[in-house]
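Asker: just need the structure, nothing else, for what follows:
(one chain, ligands or ions: 1)
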Amino acid sequence: MKRPIAAIVGTGRGVPEGVMTNYDFAAIGIETSHDWIFERSGIVERRIARNGETTCSMAAEASHKAMERADVHPGQLDMIILSTATPDRLLPSTAVDLQAELGAGRAAAFDIGAACSGWLYGMTVAEGMITSGVAETILVVGSEKMSAIVDWKDRATCVLFGDGSGAAIVQRAKTGKGILSTFLRSDGKLADLLYRPAGGATNQFSQQVLDERTQFVRMAGREVFKHAVRSMSEAADRALDAARLTAEDIDLLIPHQANVRIIEATAKHSNISMDKVYVNVDRFGNTSSASIPIAIDEALERGRIKEGSTVLLVAFGAGFTWASMIIRF
Ligand code: UT7
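Answerer: A predicted model of the protein is given here:
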């Protein structure tokens with residue numbers, strides 16, 4: 001018997017209206033320049049949550065749009081999987097807040113923590129749940145309020161990140177299209193290259209933590225850069241091998257949007273020309289696990305993904321974690 005296939009049947013995004021350009025850092029006393037940020041990362045502007053916007057509220061906006069496009073109502077959701085590095089509260093999960101907000105009374109809801117790779121981790125869990133028959137309709141959301149966890153006094157990190165959310169509804173494919181292959185990997189030995197030293201159950205909040213600002217993200221940028229290129233390249237190869245496809249079969253590569261130089265290096269490794277690569281890091285910065293679902297939603301809206309398109313998704317993030325997936329739409 002042929003293995004069932006899981007497919008995305010609707011997508012949505014919820015990004016804050018507030019835009020912060022590279023030129024706006026001067027006004028908050030950050031010694032940087034548009035030229036430095038743009039040349040090193042490709043970022044021009046990012047969205048910043050304001051006026052009470054939360055990880056949950058952005059997720060709700062993305063989810064409502066995804067459900068509308070999929071013609072699914074909240075009562076149909078069997079499961080809500082929310083990837084985030086910025087939960088609104090540490091207990092309970094942001095997924096249950098989202099469940100309450102949507103009125104998805106039947107759903108099992110939980111968060112996934114795999115940093116920037118989190119949405120692909122969530123999609124892989126959803127694929128397993130759908131193809132094994134545990135669930136029929138799953139909402140997979142990536143939602144991140146990175147502005148809450150970056151150190152606004154550290155110019156090496158605060159210029160890179162942005163806020164936003166992207167969502168997809170996953171169901172069993174009716175047409176044979178859908179998720180063709182997945183690949184997940186982690187290496188916890190490298191955790192301290194990108195992490196938040198304090199604020200968890202160990203190193204709890206204290207005056208010392210606040211004084212040393214160790215509750216915020218710390219990143220060894222150069223090291224992370226090298227690992228990102230290597231791991232995303234590996235992930236791209238592995239997803240292609242698993243689907244028995246080559247780069248020529250790929251209509252669009254959607255990599256995690258952290259840095260346009262990482263994106264270009266990954267595309268070059270995979271022999272995929274930049275006209276087949278979706279890039280929006282210039283407008284959103286690094287939105288962690290929200291970056292890929294936001295990009296998919298935009299690519300569908302802009303006709304970059306069409307019926308029958310074969311799309312390669314590749315992510316890398318803190319942990320380190322890395323992941324890939326090939327989807328035929
Ligand atoms: O989501 C996945 C995780 N994140 C990533 O994938 C990010 C990976 N890393 C990167 O994208 C790059 O390493 C960065 C964009 C973060 C930095 O680029 P870089 O070419 O590796 O620069 P660098 O960190 O080596 O810094 C070069 C110089 C330093 O000055 P000195 O020591 O050479 O005098 C920094 O102090 O640039 C300085 N610098 C800045 N200057 C102006 C650092 N941040 C800034 C800034 N504005 N915002």
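Asker: the residue in the stretch 151-300 of the chain that the ligand sits nearest to: neighbouring residues, count only.
Answerer: Closest contact between the stretch 151-300 of the chain and the ligand, by Cβ to the nearest ligand atom, is at Gly221 (3.0 Å). (C-beta placed from N, C-alpha, C; glycine too.) Each residue near Gly221 was counted by other Cβ atoms under 10 Å, and the total is 15.
Asker: how about the closest residue to it other than its chain neighbours, secondary structure?
Answerer: Leaving out its chain neighbours, the residue that sits closest to Gly221 by Cβ to Cβ, 6 or more residues apart in numbering is Ala156, at 6.0 Å. The three-state label for Ala156, taken from DSSP: H, G, I helix; E, B strand; the rest coil, comes out as helix.
Asker: Ala267: what secondary structure?
Answerer: With three-state DSSP as the criterion, Ala267 was assigned helix.
Asker: dump the residue contacts of the closest residue to it other than its chain neighbours.
Answerer: Closest residue to Ala267 apart from its sequence neighbours, by Cβ to Cβ, 6+ apart: Val277 at 4.9 Å. With contact taken as Cβ atoms under 8 Å, 6 or more residues apart in numbering, Val277 is in contact with 252-255, 263, 267.
Asker: run the last query once more with 7 Å
Answerer: By Cβ atoms under 7 Å, 6 or more residues apart in numbering, the contact set of Val277 is 253, 263, 267.
Asker: show me where the stretch 101-250 of the chain has helices.
Answerer: 118-131, 155-158, 207-212, 221-242 (DSSP state H, counting those that start in this stretch).
Asker: dump those helices to JSON lines, plus mean pLDDT.
Answerer: Converted to JSON lines, the helices of the stretch 101-250 of the chain look like this (pLDDT from 0 to 100):
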{"stretch": "helix 118-131", "mean pLDDT": "98"}
{"stretch": "helix 155-158", "mean pLDDT": "97"}
{"stretch": "helix 207-212", "mean pLDDT": "96"}
{"stretch": "helix 221-242", "mean pLDDT": "96"}
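Asker: who in the stretch 51-200 of the chain is up against the ligand?
Answerer: 116, 155-156, 159-160, 194 (Cβ under 6 Å from any ligand atom).
Asker: return the member of the residues you listed nearest to Pro293.
Answerer: Using Cβ to Cβ, Cys116 comes nearest to Pro293 of these, at 12.0 Å.
Asker: for Arg261, see how far away the residue of the stretch 151-300 of the chain closest to the ligand is.
Answerer: In this view, Gly221 and Arg261 are 11 Å apart by Cβ to Cβ, to the nearest Å.
Asker: swap in Glu68?
Answerer: 36 Å.
Asker: so these two - more neighbours on which side?
Answerer: More crowded of Glu68 and Arg261, by other Cβ under 10 Å: Arg261, with 16 against 13.
Asker: which of the contacts of Val277 sits closest to Glu39?
Answerer: Using Cβ to Cβ, the contacts of Val277 come closest to Glu39 at Ile263, 14.7 Å.
Asker: in the stretch 51-200 of the chain, which spans are strands?
Answerer: Using DSSP state E, counting those that start in this stretch, the strands of the stretch 51-200 of the chain run over residues 79-83, 108-112, 137-145, 163-172, 178-186, 194-195.
Asker: what's the closest of the ones you listed to Leu98?
Answerer: strand 79-83 (5.9 Å).
Asker: and that closest one, what does it pack onto?
Answerer: Contact partners of strand 79-83 among helices and strands, from 3 or more Cβ pairs under 7 Å, 6 or more residues apart in numbering; DSSP states H and E: helix 94-102, strand 108-112, helix 118-131, strand 137-145.
Asker: need the winner for burial among those.
Answerer: Of all the helices and strands packed on strand 79-83, strand 137-145 has the most neighbours on average by mean count of other Cβ atoms under 10 Å, namely a mean of 31.
Asker: so who does the residue nearest the centre of the chain touch?
Answerer: Residue closest to the average C-alpha location in the chain (Cα atoms, centre = their mean): Ser289, at 2.1 Å. Residues near Ser289 by Cβ under 7 Å, 6+ apart: 83-85, 115-116, 118-119, 142, 144.
Asker: about what we covered before: any idea how far Ala295 is from the residue nearest to Ala267?
Answerer: On the measure of Cβ to Cβ, Val277 and Ala295 end up 10 Å apart.
Asker: measure the residue of the stretch 151-300 of the chain closest to the ligand to Ser132 for me?
Answerer: In terms of Cβ to Cβ, Gly221 sits 40 Å off from Ser132.
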